[in-house]
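Q: got a sequence here, can you build the structure:
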Amino acid sequence: MLPTAPRGDRAANTLRTDLLLVVLLVGLGVAARLLPHALNFSPIVASALFAGAILRHRSLALLVPLGAMLISDLAIGFDDWRIASVVYAAMALPVAVGIVARRYRLSRALLPATLSCSLMFFVTTNFAVWAFGGLYSLDWAGLTACYVAALPFLKYTLAGDLFWTAVLFGGAWLLQRRAIADPVAVRR
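A: Have a look, this model is predicted:
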């Protein structure tokens, strides 16, 4: 039988592991936003969903999307505060979706969770652009025009969210499989 670590040591290791994962996910989000990429093809929603579903310290999960957005916006520049607040909230919402998805079999919940996060981001942020951006008339025709103009970006949002979700969850699954297959090699 293998010796087990005392409860306090396990908690400290869990916190250390979660903090390391937060730093890596924030770094990924910042790098992806700063490097050239297709508009809205970003890992931030997928990272937030992943953090909500994987991190054992749930309170740390919000640091992933908000930290990545804040750090990269310091370099890129900020939008109108009203639009930015909706964007930040839309980027944080996948954390809650990830936490709820934990209750279900992830292999079944992942695709609907990812698609719903992408669509919620599209609906809420474009509503904010319509309401606060000054580009469209504040009537039904203006709202419709705003959503129609945003449709080309939706394909990149969906593609990016699906791609990065597959990379993050698939990578975690592969690492977990490797740990089960050869636990000694993983501890080295």
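Q: could you pull out the helices for this structure?
A: Per DSSP state H, the chain carries helices over the ranges 7-34, 44-54, 58-61, 63-76, 81-101, 106-132, 140-181, 183-187.
Q: tell me the mean pLDDT for the fifth one?
A: Which is helix 81-101. For helix 81-101, the mean per-residue pLDDT is 95.
Q: what angle separates that helix from helix 7-34?
A: Helix 81-101 runs at 140 degrees relative to helix 7-34, counting by axes from the mean of the first three to the mean of the last three Cα atoms, to 10 degrees.
Q: may I see the buried residues of helix 81-101?
A: Using 16 or more other Cβ atoms under 10 Å as the test for burial, helix 81-101 gives 83-84, 86-87, 89-99, 101. In this view, the C-beta of every residue, glycine as well, is placed from N, C-alpha and C.
Q: so what touches it?
A: By Cβ atoms under 8 Å, 6 or more residues apart in numbering, the surrounding residues in contact with helix 81-101 are 44-46, 48-54, 58, 61-62, 64-66, 69, 73, 78-79, 109-110, 113, 116-117, 120-121, 124-125, 127-129, 131-133.
Q: and what of the fourth one?
A: By Cβ under 8 Å, 6+ apart, the list of residues contacting helix 63-76 from outside reads 22, 25-26, 28-30, 33-34, 44-45, 47-48, 50-51, 84, 87-88, 91-92, 94-95.
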